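Q: got a sequence here, can you build the structure:
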Amino acid sequence: MTKPVGVDTLVLLVLGLASTQSQKPADPQCPIKPLQNTCAGESLAFKKATASNEIACCALCSNYSAQPDICAAFTFRADGNHCYLHPAFKALGRLSSGSCTTGIVRPNDIPTPSPPVPNPPVKPYPKNAKNVLFFISDDLRPEFFNGYAQKHMITPNFDKLTNTGMVFNRAYCQQAICGPTRNSFLSGRRPARTQAWNFIDHFREPINGSTGKDYARKEDGRTWISLPGYFKFHNYTTLGAGKTYHPGLPPQDDGDRSWSQDLPYVDKNDAKGCTSDYFSGSSEACPDNSKNLSDFRDYRNLQVMLEDLRYASQVRKTTGNPFFLNYGLHRPHLPFHFPATFGGENIWEKYGDTDSIALPTHPEAPVGMPGIAFTYEMDGKIDIAVAGTSYAIPGPDNPKDLCPFCGPKLPDNATRFMRKAYYSSVSWIDYLVGEMMSELDTLGHTEDTVIAVVGDHGWQLGEHNIWGKHTNFELGARVPLVFRAAGQTTPVRSNALVESVDIYPTLAQLAGLEAPEDVDGNDLSPLWEDPNATVDNDVAFSEYPRCAPLNAAWTPEPGHNTPQSCVNTPRSNFSFMGYSVRTESWRATFWMHWDASVLAGDFTVPPAATELYSHIGDTEADYNAFENENVAADPNNAHIVQQHFEIARKHWEKTE
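A: Next up, the predicted model:
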């Protein structure tokens, strides 16, 4: 456990947070008496970035000088090169000892922020209101043994859930990257309304935007009621741990706008780095030899969640107030760091010999794919360390034309090692989910609790030579989405095209509440009675920005040692937006020129590039069989392209 450091008052004084003498931030100073071996609360940061050292982290902080995101201080964690930027108008929180450096950048003359928007009044929950237990997993694609017919997987607890719940076979996120997709489904609004497409912006921004320079924002997100907040303001106990919102997006994990203040919202880190018996050197995939599960962040957060559950259960028994609990699982996000042994067995060895792991059958970019559709990085990295060996990021068919630092596909042994580690990471979180569900049952809440599981977006495990998300392809956009209504014991399966933005109204309805009228998405609860029904014209929409020129080499973003996945690029500087339409038999993606004046793609001019992939006959069980050839240029498909373009145009022009 970290030990508090008695410098809280000193830091607040140095920051000058109470000062109202000037409305202009002071010039940055990098830094004033940095506090070595001192960590500030990460959940209080408004942005998490990557930096090579504390000097680079300080430089990042100094660049944030526009209201409301004025950076007053930073925390640099050397164990992961993480740089946390702290807002000028928030305290740093309780400082603790650790492998961090915390530095003050703007010590004086911090402008006073505008008054906070008051919380809405509390409404009574309806009679017989149900509890909610919500699991969000990072980078989890539909990779369950039972629910999604992935017979190589070991997921007994997810299987128990899918055997008694509703499985949506074709569910899609709104954007295949952590911050924006979570901003979307946790606010109940599509990205065109949140206007959060990167790791800079978030849905809580006022109309003028986070930088003070965007003038196209039409809605004040500070007045919106989040998904957890909707339950809180119906007098639920709302508690959580782990990764619910992306760190800093919005700041403080949305604070009391989303969470009851009975217990703190907590997100813990791994207690140690990788130590493995299966390789030497560095690796993005690590079957760890530690037998102490408390070394791993998701298990540490599980302990918090179990205490939250016991507390909320007691509140329900004494006051009648139901609860909403959210457990945000970091795995299977990179690094694939998990205990090789848990639950009494070695999961790494249970998956069998690494040489037996199946390879992707289409490890090449789709035939006819425009270069802009590819992602030339892996979660911001330009090389992959696998079991002690470093490899260049794989590229498309002719990578040197588009990505000078790209390489060919990974060797088969590295591909198998990475895929096995991903599968093992999914089995690890399956175990943790099982621990929560077991405690729920022990406390007597299985019959009065709605359970939901979602991946924030998909992931590509070498299919199309891609390792990551950051695309509009099926494997990047498709997510597992499972609900179990309170008391449900009969499995239901639906092939309706649904979206992550549907989670908010659906959870509200299943719990006995009615969702607010101003959220997007559809209430999916009628599909329990008629799973063959269609939803919203049976179309799903996703989008992803690009910041590089159409056919130019991708290079690291200015000021960051990461390629241009747009995460660090202001939204006004996007080059294109890829708007993707998934219908019953097709996926069409249109790369529209970006109009910074309205923060939207320009549908008055032809697309810069177009993709069309057939899904005729797709049961969604074979992750290699589809989207291997772009058929948009085939004259026989011209009417299909036009039809989908009109669907895209009408949808995004309506939501802008």
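Q: wait, what's in contact with Val453?
A: Phe135, Ser137, Phe158, Leu161, Val433, Pro480, Leu481, Val482 (C-beta atoms under 8 Å, 6 or more residues apart in numbering). The C-beta positions use only the backbone N, C-alpha and C, and glycine is treated the same way.
Q: show me the beta-bridge partners of it.
A: Legend: beta-bridge partners of Val453 under DSSP bridges are Phe135, Val482.
Q: what is the neighbour count of the closest residue to Ala45 other than its chain neighbours?
A: Closest residue in space to Ala45, ignoring its immediate chain neighbours: Tyr84 at 3.8 Å, by C-beta to C-beta, 6 or more residues apart in numbering. Tyr84 has 30 neighbours, counted by other C-beta atoms under 10 Å.
Q: now do the SS call for Tyr84.
A: Assigned with DSSP: H, G, I helix; E, B strand; the rest coil, Tyr84 falls in the strand class.
Q: ok, so what distance separates it from Thr101?
A: 11 Å (C-beta to C-beta, to the nearest Å).
Q: picking that back up, so how far is Gln36 from the residue nearest to Ala45?
A: For Tyr84, the distance to Gln36 - C-beta to C-beta - is 16 Å.
Q: do the same with Gln314
A: The gap separating Gln314 from Gln36 is 42 Å, by C-beta to C-beta.
Q: next one: Arg331
A: Taken as C-beta to C-beta, the span from Arg331 to Gln36 is 31 Å.
Q: of those two, which one has the most company?
A: Arg331 (25 against 12).
Q: and the more buried one, what is it in contact with?
A: Ser137, Asp138, Asp298, His337, Phe338, Ser425, Val426, Trp428, Ile429.
Q: repeat that for 6 Å
A: Listed by C-beta atoms under 6 Å, 6 or more residues apart in numbering, the contact set of Arg331 reads Asp298, Ser425, Trp428, Ile429.
Q: and of those, the nearest to Asn630?
A: Asn630 has its nearest neighbour among the contacts of Arg331 in Ser425, at 31.3 Å by C-beta to C-beta.
Q: what are the buried residues along the host helix or strand of the closest one?
A: Taking DSSP states H and E as the definition, one finds Ser425 inside helix 412-442. For helix 412-442, the neighbour count (16 or more other C-beta atoms under 10 Å) marks 414-437, 439-440 as buried.
Q: packing partners of it?
A: helix 156-162, strand 285-288, helix 297-319, strand 336-339, helix 347-350, strand 383-386 (3 or more C-beta pairs under 6 Å, 6 or more residues apart in numbering; DSSP states H and E).
Q: dump the second one to PDB, keeping only the CA atoms.
A: Output of strand 285-288 as PDB, limited to C-alpha atoms (Å, rounded to 0.1, in the frame of the first residue of the first chain):
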ATOM      1  CA  ALA A 285       2.800 -10.500 -24.000                       C
ATOM      2  CA  CYS A 286       3.700 -11.800 -20.500                       C
ATOM      3  CA  PRO A 287       2.500 -15.000 -18.800                       C
ATOM      4  CA  ASP A 288       3.800 -13.900 -15.400                       C
END
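Q: what lines up beside that strand in the sheet?
A: strand 336-339 (parallel).
Q: what is the subsequent helix or strand relative to the strand it pairs with?
A: Per DSSP H and E, the first helix or strand lying C-terminal to strand 336-339 is strand 341-342.
Q: contacts for that next one next, please.
A: Tyr431.
Q: rerun that using 10 Å as the cut-off
A: Residues outside strand 341-342 that contact it (C-beta atoms under 10 Å, 6 or more residues apart in numbering) are 287-291, 293, 296, 299, 347-350, 427-428, 431-432.
Q: count of neighbours near the closest residue to Ser294 other than its chain neighbours?
A: Nearest non-adjacent residue to Ser294, counting by C-beta to C-beta, 6+ apart: Arg300, 6.0 Å away. Residues within reach of Arg300, counting by other C-beta under 10 Å, total 19.
Q: likewise for the one 5 residues further on?
A: Other residues within reach of Met305, judged by other C-beta under 10 Å, total 25.
Q: which residue is the nearest non-sequential neighbour of the residue most central in space within the chain?
A: Nearest to the mean C-alpha position of the chain, by C-alpha atoms, centre = their mean, lies Cys178 at 2.3 Å. Spatially, and ignoring its direct neighbours in sequence, Cys178 is nearest to His246 (4.7 Å; C-beta to C-beta, 6+ apart).
Q: who touches the one you found in this structure?
A: Counting by C-beta under 10 Å, 6+ apart, His246 has contacts 47-48, 138, 177-183, 186, 196, 199, 202, 253, 328, 456.
Q: roughly how far does it sit from Ala271?
A: If you go by C-beta to C-beta, the gap between His246 and Ala271 works out to 22 Å.
Q: and what of Phe231?
A: Counting by C-beta to C-beta - Phe231 and Ala271 are separated by 32 Å.
Q: residue ranges with poor pLDDT in the stretch 101-250 of the chain?
A: Where the stretch 101-250 of the chain drops to pLDDT under 70, the residues are 107-116, 208-216.
Q: go again with 80.
A: When residues are selected by pLDDT under 80, those of the stretch 101-250 of the chain lie in 104, 106-116, 207-218.
Q: strands along that one, start to end?
A: Secondary structure of the stretch 101-250 of the chain, counting by DSSP state E, counting those that start in this stretch: strands at 131-137, 166-172, 237-242.
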